[in-house]
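Peer 1: Kindly generate the corresponding structure for this input.
(3 chains)
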Amino acid sequence: MIRGRGGEPLSTGPGDRIRFRRSPVAFPATPPETELRDGWTVVLRYEGEDDHPGPWLVDLSHRRRWDFQDRDIGAQTPMDLPVPERIGAVGVHGPLVINRLNRTQVAIWHLGDGDPPSTPPETGFTETTDGHCMLAFVGPGVPQALEHLTPLDLFDPARATPFLTQGPVLHVPCQIVTFAVDLVVMTFARGYGETFALAALESGAIEGLRPGGEESFRRAFA
Amino acid sequence: MTFRLTCPVCGKRDVYEFTFGGQDRGPRPAQEGLSAEEHFRWVQFRMIPGGWEGGEGGGVREGDRAAPQEEWWYHGQGCGVWFRTTRDPGTNREVEGGGGG
Amino acid sequence: MVADAGAKTGGGLADRGSPDPSVGRPDCRRPPSHGRLPEGRLPPGPTCRVDLSQPLEFSFLGRPVTGFAGDTVASALYASGVRIFGRSLKYHRPRGLYSMEGESSNTLMAIDKVPNECAETTELKAGMSVRAQNVRGDPQTDRFAFIDRFDRMMPAGFYYRLFHRPYRLWPLFQNGLRRMAGTGVLDPRRGLEEGIRGEGGIRVEGGIEVEGARMGSDVRAERYLNAEVAIVGGGAAGMSAALAAAERGLRVCLFERRPWLGGHLVWRVRDFEGEPLHRRAEKLAVRLRAAENVKVFTSSPVTGVWGENLVTGFTSGAEGDLFRECHWECRAKTVVVAAGCMERPLVFNHNDRPGVMQVGAVWRLARTYAVLPGGVAIFSVGDDLSLEAAADLADLGVKIRAVADAREAVRQDAALVTALEERGIPVLAGWAASRVMGRKQVKGCELGALKGEASRRFGCDLVVANAGMQPRIGALATVGARLAYCGHTHTYQPVELPGGVFAAGSMTGLRDPRAIEASGRLAGERAVESCGGSAPGPDESLPEPAPGCDIRHGPDIGRGAKAFVDFDEDGTYKNVVESAAQGFDVPELAKRFGGFGLGPGQYRVAGQNLAMIMADLRGDPVETATPTTVRPPLVPPSLATLAGPGHDVHKRTPLHGELAARGAIFRRAGPWLRPRYFSEDTSCRKEIRNVRRNVGILDSSPLGKFRIFGPDALKALQRVYISDMRKAPRGHCKYSAMCNDMGQLVDDGVVIREGENEYYFTTSSGRAGSTVEWFRYHTRYDRWDYNLVNLTDVLGSLNIAGPNARRVLERVTDDEVSNEVLPYLGCRRITVADGVEARCLRLGFVGELSFELHVPSSYCQFVWDLVVEAGADFGIRPFGLEAQYCLRAEKGHVIIGAESEARVTLTDIGMGWLWDCGDTAAKKVGAPALRACEKQPGRMRLVGFRVDEGSGSPRDGAVVVDGAKIVGYVCTTRRSEALGWQYGMAMVREGVAVRGGRTHIRQEETPGRGESCSATVVPTPFYDPGGRRLRA
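Peer 2: Residues are numbered from 1 along each chain as shown, chains lettered A, B, ... in the order given. Purely as a prediction, here's the structure:
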């Protein structure tokens, strides 16, 4: 409700105005199919995606995420989810993914279909959706593409998938979950989003990495 | 120069993921009755072979070599945890049983 | 690499470094399209890798030359008749092909204006422009060639001893020497000519930063590999080791410096166990390619093996690769080094003449590149492989007059000697080459007996020489293996290997192909065991290594001729003798004094010969010969490759695009890119005026924002903040600062109590990244229960500042933001546009009525649009960092790093009032230091000053002087439109800091030339001292 000098409404009210939200990432590609979801413009598919075998880089920054901390985290069930016992372990429960970060902290990601839950009232929760950029690497050739971005061993055969790695990708500290050899999801500070995605696409181009829409991620996650 | 450190949360990682937190000097001394000299010794001085640097019986003597020491490291590029490890500054390597703590 | 990316999924992540011609390569035996053999070429045999039906045009010194697909630059030039490839560093002697492995600088050339490219190993591409280096004019007729005759003026170490006095003349000598000696010349315009990809760009201080700036054809990639087993060398041993490890399910990375696998087997046609050797290698390569878990990198030399088994190197991009060079690092649990052997150069008179080559070079010219190496040849060698080569080359049509073998007859393979004699080639055991005839090219060769006086002369155009084999010890040496001289093989052999490192193959002295493969398998199995796998099967017994050749140099050494120990630096045998005579008689000293092994060839050409000759000169047994230290890079990558892709990954605020569109000129501030100005006017007059008179809007999103909660949250705040944080009331911003243990100011910001054990606080932008680390470090022994969440990126921040700020804000929210409800330093949550939750903080950093809105980052653009629309009537406009910097300085507000530095404590800058000195129980960080410095005499203080009218205009960093003595420095000074005079803040010594006192400021832009101004010490704030405006 923007008002004029006399207090009269100046432009259209909020009812008519979309309270739009912006992702930190905008890929240099044409999306023929998008969807407006909770203010976010979500790209479902990019042009020419069907002719490309992968790998794809998918922006998931609009997916809701939470940080939950508690000294006695093992005894907690945030959002009714069991906290993984081992640090670095990942639990997948329907649409929700829970990552055990350290002694006192977990991250919860809403990656599946359906409406995300709302933030529970407990003190330990902080919604961090807006604090991160979230990217998924999807499809064949993901390990090769990631080798150009990070020295981390994201595909250690000795670890059972899914598993969590915390470390630098393109020198930016990241939380990375390896779901499978063709699906890796990572989050990092939102401010890096734009330049990170650009660098990832440039380096990953050697292995055929291209922007992908949310649909390609949904297929891989399902 | 490249060596690795063992983060108690993330395991072995390249040293550039970490920030050095100095030699383990024990907890912050009580402020009440703390002299300026005692404070600055705690902040600035390091344990070296033979005692505290510049202290009683301190000072580097010929034949002294760096010995393994307890150190603090912060895994800033990873899990964000401070931890202690025992490392030999002579070889830059962690000594057996380093990491964790 | 795109084509097969992901060809396999599931467990196998196998892929390849670059295409390997050994599998599915085109049949190179096809005759040339016009049916006739091109000049200088042999009929292609079964091991040929050149396709004579595919000519490639390129140019040498501007003249057109034709090569063929599969050629290297050197093989194509040699086939077209080029013999002199360049001139030597010091003497400008003509130099030609030597090893075909890029071991010396002889064949470094400028290719497409890139200097120092190795012609012997660079794959030929159509359209290349090739030039010789270190020549004036044509290498055939180099104008500096006369220097060769003045060698007496240039003894070992001459540049250390001559030209130094008088000192004044040194630059003259230096420039002269630089012109005559040296290698390639860098063309700084090359990158620009290549063109820059990418469009648009953003304005940063000093120019335009192009988005995704990459050189079109010059992409430098980087790649990080993780493996259980890394293998250095893709010969028979390396491949066998890889297969052994991969069969047990381990991840294997294999690195081969040549473009194909198979090592020295790939050009050998000799029958072994019923099939030619090259077939044996090809079969192994096919098995390796099919193996799961193996990544094979060809054209990929290893540059070093580092602590804890990190293998580094680079891959040259092949046709179809989207990179020119790719630097890689492989973190491995174990390393198998099977790097093979190279030939030890034979030191004899004029051994650098074009036409003197090593056996491998001649053999590969003929067998791999189908180039006729010469018409008539003399061999002077020291191992059996060379005898096999002589027989093979004779079969290919090279007339071999004689083969001298430095070994005794009993050490030779009798079958090979017979084979040579059957071809009518005399074999002279215990003989070696003593001298080469001919200046620009070999015309003849003298052979001499190593014992006795006998000698014979031969006419020839090719001298094929080596002193036997030496292992490629580089990878072992860099990883820290202990190497010792072995009196049996006369090579350096590892006597102690670091954990998880194994050696295999011909470098361990083995020669039999079966034994080489067995040693590889064994090393692979030991690597498996070392990774915790099952124990290897029964030990295959390996045969004893073959005896080696211990020749130091040819007969009659150094008599009236130069005999080179090191080609790169023109280091001769005589220079070694000179070095020893002057006391530099150990290899490490001689290397520094005479330059042996300092060039691109490093230890590879000079290393072992220098050590052996030096041992002789000292009169010590050869077993004591210690080589010089091997240093990485073992093979030099280009500097651009080491620099990498050069991505500038930095942080951008949620409003970056909007600000760029509004003409912001950005600057880097920590990890962030932030707008500094919004016009070319760097004094930002309009931006400042608009904040003072109307209303401005600043994107302050990089501000650090944190949540701290938990039962011990207050204890943690009490520890790191210098003030008493117990006094922070709800709904109020408590300003405070953090000090370090030395009492220095490290951070400031506000803390807001938002609930029971629940606080929200801000930090300066530069500290946001280390705040969690700082809290946790200073409470690391306390086991306190508190939680920190970094909200810096979660929330963007908009600062609406100016007399009209409230009126703008009232238009976008229904919540009350009056002075009564939200006074100065107040804080409340408001809803913007009926839906976006925001924290609204009344702060006064710029000295005007101002509201800081902390809104979720994803909504920032939406809120910005609303505010700017609502503020249009009031002339709202964005302002940048420089305007903010001036505005706050007029208020005397400090910025850490501008008004404080490492020597300055909280009390020095007049902020001691923040310090709660009564509370010692909290053990506040910095409190003991502040106590110690508080009343210390002689400390500097921060003061405000006003520059006297008409006295000049000093700048930041000028010094404050008292006569000739420096008594302080200017932190910040600007001319203020609001005040009408130039104000500033300075750190000055006690005594100067008297209010109303006159100070003198001296500014020297260049030493000796400066201007002096005078200023008066005045109280701060300069602007609105009563603070009425920010409380409005």
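
Peer 1: What residues does chain B have near chain A?
Peer 2: Proximity of chain B to chain A, by Cβ under 8 Å from any Cβ of the partner chain, involves residues B:Val9, B:Cys10, B:Arg13, B:Asp14, B:Glu17, B:His75, B:Gly76, B:Gln77, B:Gly78, B:Cys79, B:Gly80, B:Val81. To be clear about C-beta, it is placed using only N, CA and C from the backbone, and glycine gets the same treatment.

Peer 1: mind putting these in JSON lines, secondary structure, distance to C:Tyr786 and pLDDT included?
Peer 2: Compiled in JSON lines, those are given as follows (DSSP: H, G, I helix; E, B strand; the rest coil; distance: Cβ to Cβ, whole Å; pLDDT from 0 to 100):
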{"residue": "B:Val9", "secondary structure": "coil", "distance to C:Tyr786": "19", "pLDDT": "92"}
{"residue": "B:Cys10", "secondary structure": "coil", "distance to C:Tyr786": "23", "pLDDT": "94"}
{"residue": "B:Arg13", "secondary structure": "strand", "distance to C:Tyr786": "26", "pLDDT": "95"}
{"residue": "B:Asp14", "secondary structure": "strand", "distance to C:Tyr786": "30", "pLDDT": "93"}
{"residue": "B:Glu17", "secondary structure": "helix", "distance to C:Tyr786": "25", "pLDDT": "96"}
{"residue": "B:His75", "secondary structure": "coil", "distance to C:Tyr786": "19", "pLDDT": "96"}
{"residue": "B:Gly76", "secondary structure": "coil", "distance to C:Tyr786": "19", "pLDDT": "94"}
{"residue": "B:Gln77", "secondary structure": "coil", "distance to C:Tyr786": "23", "pLDDT": "95"}
{"residue": "B:Gly78", "secondary structure": "coil", "distance to C:Tyr786": "21", "pLDDT": "94"}
{"residue": "B:Cys79", "secondary structure": "coil", "distance to C:Tyr786": "17", "pLDDT": "93"}
{"residue": "B:Gly80", "secondary structure": "coil", "distance to C:Tyr786": "14", "pLDDT": "92"}
{"residue": "B:Val81", "secondary structure": "coil", "distance to C:Tyr786": "15", "pLDDT": "93"}
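
Peer 1: As TSV, these with neighbour count would be great.
Peer 2: As requested, the residues of chain B next to chain A are arranged in TSV below (neighbours: other Cβ atoms under 10 Å in any protein chain shown):
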residue	neighbour count
B:Val9	18
B:Cys10	22
B:Arg13	23
B:Asp14	19
B:Glu17	24
B:His75	24
B:Gly76	19
B:Gln77	22
B:Gly78	24
B:Cys79	26
B:Gly80	19
B:Val81	20
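
Peer 1: Kindly identify which of these also come near chain C.
Peer 2: Checking these against chain C (Cβ under 8 Å from any Cβ), the matches are B:Gly76, B:Gly80, B:Val81.

Peer 1: and the first one, what does it touch?
Peer 2: Just to be clear, that refers to B:Gly76. A:Pro173, B:Glu17, B:Phe18, B:Thr19, C:Ser770, C:Glu773 (Cβ atoms under 8 Å, 6 or more residues apart in numbering or on different chains).

Peer 1: quick one, what contacts the fifth one?
Peer 2: Residues near C:Ser770 by Cβ under 8 Å, 6+ apart: B:Gly76.

Peer 1: helix, strand or coil for it?
Peer 2: Assigned with DSSP: H, G, I helix; E, B strand; the rest coil, C:Ser770 falls in the helix class.

Peer 1: what does the first one give?
Peer 2: Here A:Pro173 takes the strand state, with states given by three-state DSSP.

Peer 1: Next one: it from A:Leu152, what distance?
Peer 2: Going from A:Pro173 to A:Leu152 by Cβ to Cβ, to the nearest Å gives 11 Å.

Peer 1: what's the answer for the last one, then?
Peer 2: The span separating C:Glu773 from A:Leu152 equals 21 Å under the rule Cβ to Cβ.

Peer 1: swap in the fourth one?
Peer 2: Counting by Cβ to Cβ, the separation of B:Thr19 from A:Leu152 is 18 Å.

Peer 1: hmm, back to that, export the contacts of B:Gly76 to CSV and tack on distance to C:Val381?
Peer 2: Formatted as CSV, the contacts of B:Gly76 follow (distance: Cβ to Cβ, whole Å):
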residue, distance to C:Val381
A:Pro173, 58
B:Glu17, 52
B:Phe18, 53
B:Thr19, 57
C:Ser770, 64
C:Glu773, 63
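
Peer 1: show me where chain B has helices.
Peer 2: Applying DSSP state H to chain B gives helices spanning B:36-44.

Peer 1: So which residues on it come close to chain C?
Peer 2: So chain B meets chain C at B:2-4, B:19, B:21, B:26-28, B:30-32, B:34, B:36, B:39-40, B:43, B:72, B:74, B:76, B:80-82, B:92-93 (Cβ under 8 Å from any Cβ).

Peer 1: name the element the residue nearest the centre of chain A belongs to?
Peer 2: Nearest to the mean C-alpha position of chain A, counting by Cα atoms, centre = their mean, stands A:Met134 at 2.8 Å. Assigned by DSSP states H and E, A:Met134 belongs to strand A:132-138.

Peer 1: Say whether chain C is contacted by the following helix or strand past that strand.
Peer 2: Downstream of strand A:132-138, the first helix or strand assigned by DSSP H and E is helix A:142-147. Yes: shown here: helix A:142-147 in contact with chain C (Cβ under 8 Å from any Cβ) through A:Val142, A:Pro143, A:Gln144, A:Ala145, A:Glu147.

Peer 1: try stretch A:168-182
Peer 2: Yes: using Cβ under 8 Å from any Cβ, stretch A:168-182 reaches chain C at A:Leu170, A:His171, A:Val172, A:Val181, A:Asp182.

Peer 1: Of these, which ones also sit close to chain B?
Peer 2: A:His171.

Peer 1: any chance of the residues of stretch A:168-182 next to chain C in JSON lines, with neighbour count and pLDDT too?
Peer 2: What follows is the residues of stretch A:168-182 next to chain C, written out as JSON lines (neighbours: other Cβ atoms under 10 Å in any protein chain shown; pLDDT from 0 to 100):
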{"residue": "A:Leu170", "neighbour count": "19", "pLDDT": "96"}
{"residue": "A:His171", "neighbour count": "16", "pLDDT": "94"}
{"residue": "A:Val172", "neighbour count": "24", "pLDDT": "96"}
{"residue": "A:Val181", "neighbour count": "21", "pLDDT": "96"}
{"residue": "A:Asp182", "neighbour count": "18", "pLDDT": "95"}
